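Asks: Got a sequence here, can you build the structure:
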Amino acid sequence: MKEITQAELEIMVNNLSIRYFNKPYKDEISFNGRLRTTGGRYIPSKRKIELNPKYLNELGEKELQGIIKHELCHYHLHIEGKGFNHKDQEFKQLLKQTGSPRHCQPLPSMKKNRNHRYICQHCGQGYNRMRSIDVKKYRCGKCGGKLKKS
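Replies: Purely as a prediction, here's the structure:
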């Protein structure tokens with residue numbers, strides 16, 4: 001995926017702000033690679049939006065634009081002195097009006113394999129586990145036989 005420069009990011013955010021909110025975005029925006037579980041965040045005390053660059057790299061520009069619109073909802077409501085938190089009715093209405101997503105989809109790289117299957121080599125008893133286990137340390141609960149990952 002093509003990297004976006006700071007100038008291109010500012011232009012994109014300002015264009016989305018004018019297009020969907022009829023107001024310019026005048027404050028700071030940046031990528032923050034330390035964000036892990038969210039696509040972006042709005043910091044009211046600094047009037048700054050931070051975006052997760054992994055969403056651009058893994059899910060593309062369209063998903064990033066949805067995240068920007070969501071954060072712009074927080075920003076414009078905060079500037080106007082209205083309720084800008086997720087629980088506020090004004091925020092929910094503005095999300096609907098602008099077609100902004102309420103939540104971003106999870107990153108493919110953050111999805112973990114949660115299906116670990118183990119079978120007893122002696123009796124054939126099967127075990128499904130969310131976490132991986134050490135087969136040298138654990139035995140079958142039915143017969144005490146050795147386990148193997150299947």
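
Asks: Could you list the low-pLDDT ranges of the protein?
Replies: By pLDDT under 70, the low-scoring segments of the chain are 1-2, 113.

Asks: Try it again at 90.
Replies: 1-4, 36-37, 56-58, 60, 104-115, 130-131, 150 (pLDDT under 90).

Asks: Grab the longest helix from it for me.
Replies: helix 61-79 (DSSP state H).

Asks: Give me the next element, helix or strand, following it.
Replies: helix 89-98 (DSSP states H and E).

Asks: picking that back up, and the longest helix of the chain, which residues are buried?
Replies: 63-78 (16 or more other C-beta atoms under 10 Å). All C-beta atoms are positioned from the backbone trio N, CA, C, and that covers glycine.

Asks: okay, now the domains of the chain?
Replies: 6-106, 116-149 (automatic domain parsing).

Asks: Would you point to the one among those that's packed deepest?
Replies: domain 6-106 (a mean of 16; mean count of other C-beta atoms under 10 Å).

Asks: list the contacts for the residue most central in space within the chain?
Replies: In the chain, the residue lying closest to the centroid (C-alpha atoms, centre = their mean) is residue 38, at 3.6 Å. Contact analysis of residue 38 by C-beta atoms under 8 Å, 6 or more residues apart in numbering lists 52, 104.

Asks: Now do stretch 87-105: distance from first to last residue.
Replies: 19 Å (C-alpha to C-alpha, to the nearest Å).

Asks: can you give me the helices for the chain?
Replies: Using DSSP H, helices in the chain cover 6-21, 53-59, 61-79, 89-98.

Asks: Identify the residue nearest residue 70 in space, chain neighbours excluded?
Replies: The shortest distance from residue 70 to any non-neighbouring residue, by C-beta to C-beta, 6 or more residues apart in numbering, is to residue 100 (4.7 Å).

Asks: How about residue 142?
Replies: residue 125 (4.7 Å).

Asks: Contacts only, for the one you found.
Replies: 119, 140, 141, 142, 143.

Asks: So which of those belong to strands?
Replies: Members of the contacts of residue 125 lying in strands (criterion: DSSP state E): residue 119.

Asks: need the contacts of residue 125 in a markdown table with distance to residue 111, can you?
Replies: A markdown table is the format used below for these (distance: C-beta to C-beta, whole Å):
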| residue | distance to residue 111 |
| --- | --- |
| 119 | 25 |
| 140 | 30 |
| 141 | 29 |
| 142 | 32 |
| 143 | 35 |
